[in-house]
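J.: Build me a model from this:
(2 chains)
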Amino acid sequence: ELKVEQNPLFLSMQEGKNYTIYCNYSTTSDRLYWYRQDPGKSLESLFVLLSNGAVKQEGRLMASLDTKARLSTLHITAAVHDLSATYFCAVDSNSGYALNFGKGTSLLVTP
Amino acid sequence: DSGVTQTPKHLITATGQRVTLRCSPRSGDLSVYWYQQSLDQGLQFLIQYYNGEERAKGNILERFSAQQLPDLHSELNLSSLELGDSALYFCASSGGTDYYEQYFGPGTRLTVT
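T.: Numbering: from 1, shown residues only, chains lettered A, B, ... in the order given. As a prediction, the model looks like this:
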């Protein structure tokens, strides 16, 4: 069974600070996804990482993938309040594209 | 806006009842996925259809069933509802050049009382 673990599950950080969310997964997978979810809302795709060493950046968020370590990171630079949300990582299995999600990291950015 | 629509947005029903959730995928997408999000279980994959045929099955209860219609819309049928079935149900679709990337609909919030 493919398992996806995120940590931390809860993160409170001050505006302007940097932090990293970690995502470990248990078996080989071709693709790693990061999604954002605001309370009561749908999932918004942030990044899709397709290969070892892949790095993608959008604004204050940067995601990377190390397939050998089965680890992805989501780095937050100079956090702002608008980044407050829950962030999920997910992987799909090599036999299909159904997503296996981590439990999510609930991020709160405070002044 | 992902281009995926779901109806209804909210549904309140009693235990033992049956409901149908509907999903309209993005134009041209052949794959439809259903996911359940609850506080207890997190986000779980239920089932996938591709061009009308079941492609993959996840943690879907026997009381639940789904189908993808010839026009590619999809329905998720939930029967003999229990309190624990209360959750947010998402539909996602994929297709096109980035065939693996899934676009999620707004979800249907089901409350079983």
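J.: Residue B:40 and chain A: what is the separation?
T.: 11 Å (C-beta to the nearest C-beta, to the nearest Å). Every residue, glycine included, has its C-beta placed from N, CA and C.
J.: Distance from the chain centre to stretch A:77-87, please.
T.: Offset of stretch A:77-87 from its chain centre (C-alpha atoms, centre = their mean, to the nearest Å): 12 Å.
J.: what comes into contact with it?
T.: Identification of contacts with stretch A:77-87 by C-beta atoms under 8 Å, 6 or more residues apart in numbering or on different chains yields A:6, A:13-19, A:21, A:34-39, A:46, A:60-62, A:74, A:76, A:104-111.
J.: Name the residues of stretch B:99-113 that are buried.
T.: B:100-110, B:112 (16 or more other C-beta atoms under 10 Å in any protein chain shown).
J.: End to end on it, go ahead and measure it.
T.: 39 Å (C-alpha to C-alpha, to the nearest Å).
J.: which SS class is the residue of chain B positioned farthest from its centre?
T.: Largest separation from the mean C-alpha position in chain B: residue B:97, at 22.9 Å (C-alpha atoms, centre = their mean). Per DSSP: H, G, I helix; E, B strand; the rest coil, the local secondary structure of residue B:97 is coil.
J.: Chain A contacts on chain B?
T.: Residues of chain B found near chain A (C-beta under 8 Å from any C-beta of the partner chain) are B:2, B:31, B:33, B:35, B:42-45, B:48, B:55-56, B:58, B:90, B:92, B:94, B:98-107, B:109.
J.: quick one: the strands in the chain?
T.: Picking chain A for this. Using DSSP state E, the strands found in chain A span residues A:4-7, A:10-14, A:19-25, A:32-37, A:43-49, A:55-58, A:61-66, A:71-76, A:85-92, A:99-101, A:105-110.
J.: should've been chain B
T.: Using DSSP E, the strands of chain B run over residues B:5-7, B:10-13, B:19-24, B:31-38, B:42-50, B:53-57, B:64-68, B:74-78, B:87-94, B:103-104, B:108-112.
J.: Now do the fifth one against strand A:85-92: the angle between them, please.
T.: Going by axes from the mean of the first three to the mean of the last three C-alpha atoms, to 10 degrees, strand B:42-50 is angled at 50 degrees with respect to strand A:85-92.
J.: Give me the helices and strands touching strand B:42-50, please.
T.: Secondary-structure packing of strand B:42-50 (3 or more C-beta pairs under 8 Å, 6 or more residues apart in numbering or on different chains; DSSP states H and E): strand A:99-101, strand B:31-38, strand B:53-57, strand B:64-68, strand B:74-78.
J.: try the last one
T.: Packing contacts for strand B:108-112, counted by 3+ C-beta pairs under 8 Å, 6+ apart, involve strand B:10-13, strand B:19-24, strand B:87-94.
J.: so who does residue A:99 touch?
T.: Neighbour list for residue A:99: A:33, A:90-92, B:33, B:35, B:43, B:45, B:102 [criterion: C-beta under 8 Å, 6+ apart].
J.: Over to residue A:2?
T.: By C-beta under 8 Å, 6+ apart, the residues touching residue A:2 are A:25-27, A:29, A:91, A:93, A:100.
J.: Give me the buried entries from those.
T.: Once neighbours are counted (16+ other C-beta under 10 Å), the buried part of those comes down to A:25, A:29, A:91, A:93, A:100.
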